[in-house]
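Novice: Whatever this is, show me its structure:
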Amino acid sequence: MCILVPTVLFTSAGPDSPAATAAAVVLVVVQAATLLWMPTRPELAMSVAIASGVGIEQLCPTLGFLDRLFDGGLWPQDRPATILDVGSGYGDSLRRIARWAKARNLDVRLQGLDRSPWAARAAERAPGSEGIEWLTEDLFDHRGGADIVISSLFTHHLDDANLIRFLEWQEVNARIGWFVNDLLRHPFSYHGFGLLARVMLWHRFVRHDGPVSISRAFRPEDWTVLLGRAGVHQARIEAWFPFRLCVSRVRG
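Specialist: Modelled structure (predicted):
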């Protein structure tokens, strides 16, 4: 079970204070260590994370949201829960959710929605994609609805008008709740990503796209304004390790 505690990147002095920046430095070091050691030394990666007060499971905020729904008694009892991943891309999130549901013996119907036909073709060929439905269509043309709508690193690609429209769309189409998992805009993550990408010898496309995505990402006050303009109330805004800013809504 994911034991998830949101990582606080903000202090009373504000998110750009020296204390917050120092905390961000520590988090990036821990993140780099866990990413480097997890494939070959999982026990060492776990020890580093625990010693730093950051659990490995804190890397999965979307699963934390699903845990919250399940533990709160909101999971459907008489039918499969339909989970729709908007902007699903290669489908990593849904495959991870499939493993999460199997471990809990939960019946789920998983759907990935992406308007790129190349995304669906790549996703369905990946190991672990059996039983997942891949949909190729524009988000706003989708009329199927879902119990739970999720998205990961999707909303920063939208302009304000379409993002507000997406929030409104989720309110109409998500029967139980929705979860947006995206980036936190922060000076340290912007500059630190470039340094980490060079050290790790990542592809030049990644080195370019990462800072661009971070610059288009969000602060909590951005989401407050966008949610207000969309007429969405009682949404939850949380910072997660590493440099994620997530927005969720559970329907009452």
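
Novice: which stretches of this protein have low pLDDT?
Specialist: Within the chain, the segments meeting pLDDT under 70 span 1-59, 185-217, 242, 252.

Novice: the strands in it, which residues?
Specialist: Along the chain, counting by DSSP state E, strands occupy 81-86, 108-113, 133-135, 146-152, 174-183, 236-240, 244-250.

Novice: can you redo the ones you listed as a markdown table with distance to residue 167 and mean neighbour count?
Specialist: Every C-beta, even on glycine, is put in place using the N, C-alpha and C of the backbone. Converted to a markdown table, the strands of the chain look like this (distance: least, Cβ to Cβ, whole Å; neighbours: other Cβ atoms under 10 Å):
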| stretch | distance to residue 167 | mean neighbour count |
| --- | --- | --- |
| strand 81-86 | 12 | 24 |
| strand 108-113 | 16 | 22 |
| strand 133-135 | 20 | 18 |
| strand 146-152 | 11 | 24 |
| strand 174-183 | 8 | 22 |
| strand 236-240 | 12 | 18 |
| strand 244-250 | 9 | 22 |
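
Novice: how about those strands in JSON lines, adding distance to residue 225?
Specialist: Compiled in JSON lines, the strands of the chain are given as follows (distance: least, Cβ to Cβ, whole Å):
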{"stretch": "strand 81-86", "distance to residue 225": "21"}
{"stretch": "strand 108-113", "distance to residue 225": "26"}
{"stretch": "strand 133-135", "distance to residue 225": "31"}
{"stretch": "strand 146-152", "distance to residue 225": "19"}
{"stretch": "strand 174-183", "distance to residue 225": "15"}
{"stretch": "strand 236-240", "distance to residue 225": "11"}
{"stretch": "strand 244-250", "distance to residue 225": "12"}
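
Novice: For residue 159, which of the ones you listed is the nearest?
Specialist: Checking these against residue 159 by Cβ to Cβ gives strand 174-183 as the closest, at 14.4 Å.

Novice: quick one: terminal-to-terminal distance for stretch 234-250?
Specialist: 8 Å (Cα to Cα, to the nearest Å).
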